[in-house]
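>>> Give me coordinates for this.
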Amino acid sequence: MKLLEKKGFIIDIDGVIARGQTPIPNAIEAVEKLREMGKRIIFVSNNSTRSRKIMMERFKNYGLKVSEDELLIATYATARLISREKRNAKVYTTGENGLKEELRLAGIRIVDYKNAEYLVVGSNRGINFEIMTKALRLALNKNVRYIAVNPDKIFPAEDGPIPGTGMIIGALYWMSGREPDVIVGKPSKVIMEDALKILKLNAEDVVVIGDQIDVDVLAGKRINATTVLVLSGVTTKENLNEKIKELGIKPDYVLKDLSEILRY
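Okay, here's the model as predicted:
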């Protein structure tokens, strides 16, 4: 089946739609064309610091209007997961305000670590000794459910790579020997299956598009969807073959950028 015969498109944001705060014009036009064709679109991001509200403002600056229903940020997906598991759950989080906003909107209570039923780990650009100490104590408590918003080791900022949520996951593992009970973000099936539910489509009816083989392409393959790798972000023409060889994962399609999807 040709790509444009598919009903839905699960599209990554950073490296596909924009680089940091700078939109990729061809990609914005491609999204508009897909919409004109009546395709169902959902933007899926591993970002653990932004809420949908924050991301909607970002898209506005890109010149692309989106509704909350078209955004599945890992912060929101985490809140959805916890609210399904336990109503009015009590959570301690290492995360920033964007994550806290989504948790509160889902009816989840943010509490001090002594009262927490859940430890939710997300990036925090203001991480400090006190936050890490509280997170450690919860990680050491087997009765506390430990959820990571994403598994990202590093995050591609505009001026170069910065530590991702993996910095906290790794530190907690080194200290406690414990890994998260659940990881929500890509390449986990948790966020991808959530995207399919929101789209109301089966995996065979969608295309998963992203700029990283071990994140986006792997996530697509885990739900048995068609995968597209674009070379407008982390993966480039120069490192493509090396990445495929290193990871042993091959995307179904490799495109220069999102606009090339309109040829298929």
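>>> host element of G98?
Using DSSP states H and E, G98 falls within helix 97-105.
>>> helix or strand right after that helix?
Helix 97-105 is succeeded, C-terminally, by strand 109-110 (DSSP H and E).
>>> Run me through the strand neighbours of that following strand, direction for each.
Applying DSSP bridges, strand 109-110 is found paired with strand 90-93 (parallel).
>>> Tell me the buried residues in the strand it pairs with?
With burial defined by 16 or more other C-beta atoms under 10 Å, the residues of strand 90-93 counted as buried are V91, Y92, T93. All C-beta spots, glycine's among them, are computed from the backbone N, C-alpha and C.
>>> R52 and E102 touch, don't they?
Yes: under the contact definition of C-beta atoms under 8 Å, R52 touches E102, with a separation of 7.1 Å.
>>> Identify, from the buried residues of strand 90-93, the entry nearest to A157.
The closest of these to A157 turns out to be T93 (C-beta to C-beta; 21.7 Å).
>>> In this structure the closest one contacts V120, no?
Yes: between T93 and V120 there is a contact under C-beta under 8 Å: 4.2 Å.
>>> Overlap in contacts, those two.
Residues touching both T93 and V120 (C-beta atoms under 8 Å, 6 or more residues apart in numbering): L99, L103.
>>> All the helices of the stretch 51-200 of the chain, residue numbers only.
In the stretch 51-200 of the chain, the helices defined using DSSP state H, counting those that start in this stretch lie at 52-62, 74-85, 97-105, 129-139, 166-176, 189-199.
>>> Point out the most buried one among those helices.
helix 74-85 (a mean of 23; mean count of other C-beta atoms under 10 Å).
>>> Off-centre distance for that helix?
Distance, stretch centre to chain centre, for helix 74-85: 13 Å (C-alpha atoms, centre = their mean, to the nearest Å).
>>> That helix vs helix 189-199, what angle?
Interaxial angle, helix 74-85 versus helix 189-199 (axes from the mean of the first three to the mean of the last three C-alpha atoms, to 10 degrees): 90 degrees.
>>> Report all helices and strands that helix 74-85 contacts.
Counting contacts by 3 or more C-beta pairs under 8 Å, 6 or more residues apart in numbering; DSSP states H and E, helix 74-85 is packed against helix 97-105, strand 118-121, strand 145-148, helix 189-199.
>>> Would you mind saying which of these lies nearest V215?
helix 189-199 (10.9 Å).
>>> List the contacts of the closest one.
8, 10, 40, 42, 44, 46, 69, 72, 74, 77, 80-81, 182-186, 202-203, 206, 208, 219-220, 222-223, 225.
>>> Heading C-terminal from it, find the next helix or strand.
From helix 189-199, the next helix or strand downstream (DSSP H and E) is strand 206-210.
>>> how about the helices of the stretch 51-200 of the chain, which one is nearest K245?
The nearest among these, by C-beta to C-beta, is helix 166-176 at 23.1 Å.
>>> Using PDB, write down the CA coordinates of the closest one.
The C-alpha trace of helix 166-176 is given here as PDB (Å, rounded to 0.1, in the frame of the first residue of the first chain):
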ATOM      1  CA  GLY A 166      17.900   9.400  31.100                       C
ATOM      2  CA  MET A 167      20.200  11.400  33.400                       C
ATOM      3  CA  ILE A 168      17.800  10.900  36.300                       C
ATOM      4  CA  ILE A 169      16.800   7.300  35.400                       C
ATOM      5  CA  GLY A 170      20.500   6.400  35.100                       C
ATOM      6  CA  ALA A 171      21.400   8.000  38.400                       C
ATOM      7  CA  LEU A 172      18.500   6.300  40.200                       C
ATOM      8  CA  TYR A 173      19.500   2.900  38.700                       C
ATOM      9  CA  TRP A 174      23.200   3.400  39.800                       C
ATOM     10  CA  MET A 175      22.100   4.200  43.400                       C
ATOM     11  CA  SER A 176      19.100   1.800  43.800                       C
END
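>>> Noted, bye for now.
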